[in-house]
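J.: structure of the sequence below:
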Amino acid sequence: MAAATSFSPGEADVPKMKVHPTAIVDPGAKVHPSCKIGPYCVIGPDVELGENCHLVSHVAIEGPTRIGADNGFFPFCSIGLAPQDLTYAGEPTRLEIGDHNEIREFVTINRGTVKGGGLTRVGSHILVMAYVHIAHDCIIGDHALLANAATLGGHVTVEEWAQVGALCPVHHFVRIGAHSFIGGGTTITQDVLPFSKTSAARGTRAYGLNAVGLERRGFSKERLRKIHHAYKVLLASKLNTSQALEKLKSESDRGADVDLIIKFIEQSERGVIK
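T.: Down below sits the predicted model:
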């Protein structure tokens, strides 16, 4: 291990950097002494880490990358590695990250490409949840939020205070306006208006009984018959949910499985998919 900083190690007023024995810090890195570098982290040359950054464990950072103060990096995130672009030929493109960000598990943030200006920039006060991908040449504004597994193609701009929901793929070159909200699972192929709520159609519905799965779990034909009847009343009749529940409750031989369905629906706070 070679721990290196741009600060004189003899300065009495500067705290000693905490580096786990299994971590590797390249001599060409500039790491503020207040940083904490956890187990099995790898920091390459041309990386700058500002004050009070914390790498929990198994974090990989390559440069040229400049990172500000008070950033937290959680296990297995990959920061500043080469862009996933077929035209990239090893040029020294850059990544810049501001202050007070939380970068969660398995996040990937790539450096820029020459054709895209050579820079990927992440602002300040941003929560980047697990499995998010920020591709080359993206610009992320302050106070944005990227939920789990949001995937940004190259050259995407996310303006300040915008929120990208979980499992959202965003097409390259798209711009997401300030203060907008994108619902989970929405595919974004065009620019998102500032201040808007944007979401894919929620056409989810229940299609009946999970008969094969229940048979494999040993449900008898009689149990399956009663559950199937309950689902016909709930899903295929012209009764609304309240009327369907009343009908099922009026049937004396409905069985414990149907009672479970009735109780589940009655305790639902968000309503059930039908």
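J.: what's stretch 167-182 in contact with?
T.: 135, 141, 147-165, 184-199 (C-beta atoms under 8 Å, 6 or more residues apart in numbering). Glycine gets a C-beta too; all of them are placed from N, C-alpha and C.
J.: pull the number of nearby residues for Lys274.
T.: Neighbour count of Lys274, defined by other C-beta atoms under 10 Å: 13.
J.: wait, it touches Val233, no?
T.: No: in this structure Lys274 lies outside contact range of Val233 using C-beta atoms under 8 Å: 11.2 Å.
J.: please report how far Tyr231 lies from Ser34.
T.: As judged by C-beta to C-beta, to the nearest Å, Tyr231 and Ser34 stand 60 Å apart.
J.: and for Ala200?
T.: 44 Å.
J.: so for those two, which sits in the more crowded spot?
T.: Ser34 (19 against 14).
J.: make sure that one is indeed in a helix.
T.: No: using DSSP: H, G, I helix; E, B strand; the rest coil, the secondary structure at Ser34 is coil, not a helix.
J.: what's the spacing between it and Phe73?
T.: 15 Å.
J.: one more: His58?
T.: Note on His58: its distance to Phe73, by C-beta to C-beta, is 10 Å.
J.: out of these two, which sits in the more crowded spot?
T.: More neighbours surround Phe73 than the other of His58 and Phe73, with 30 against 20 (other C-beta under 10 Å).
J.: residue contacts, the more buried one?
T.: Contacts of Phe73 (C-beta under 8 Å, 6+ apart): Cys53, His54, Leu55, Val56, Val59, Ile61, Ile79, Ile103.
J.: looking at these, state which has the most neighbours.
T.: That'd be Leu55 among those, by other C-beta under 10 Å, with 31 neighbours.
J.: keep only those of the contacts of stretch 167-182 that are in strands.
T.: Using DSSP state E, Thr151, Leu152, Thr157, Val158, Gln163, Val164, Lys197, Thr198 are the members of the contacts of stretch 167-182 that sit in strands.
J.: my read: the first one touches His133, true?
T.: To tie it back to what came earlier, the one meant is Thr151. Yes: using C-beta under 8 Å, Thr151 is in contact with His133, at 4.7 Å.
J.: neighbours of Arg217, how many?
T.: 8.
J.: likewise the one 4 residues further on?
T.: Neighbour count for Lys221, taken as other C-beta under 10 Å: 9.
J.: give me the number of residues near Ala236?
T.: 10.
J.: distance of it from Ala206?
T.: Ala236 is 11 Å from Ala206, by C-beta to C-beta.
J.: kindly report the same for Ala256.
T.: Distance of Ala256 to Ala206, given as C-beta to C-beta: 21 Å.
J.: neighbour-wise, which of these two wins?
T.: More crowded of Ala256 and Ala206, by other C-beta under 10 Å: Ala206, with 12 against 8.
J.: what about that one, distance to Arg270?
T.: For Ala206, the distance to Arg270 equals 15 Å [C-beta to C-beta].
J.: residues contacting the most centrally placed residue in the chain?
T.: Geometric centre of the chain, nearest residue: Asn148, 2.1 Å, by C-alpha atoms, centre = their mean. Shown in contact with Asn148 (C-beta under 8 Å, 6+ apart): Met129, Ala130, Tyr131, Val132, Ala166, Leu167.
J.: which members of these occur in strands, if any?
T.: Per DSSP E, the subset of the contacts of Asn148 in strands is empty.
J.: let's see if you can find the most crowded of the residues you listed.
T.: That'd be Val132 among the contacts of Asn148, by other C-beta under 10 Å, with 25 neighbours.
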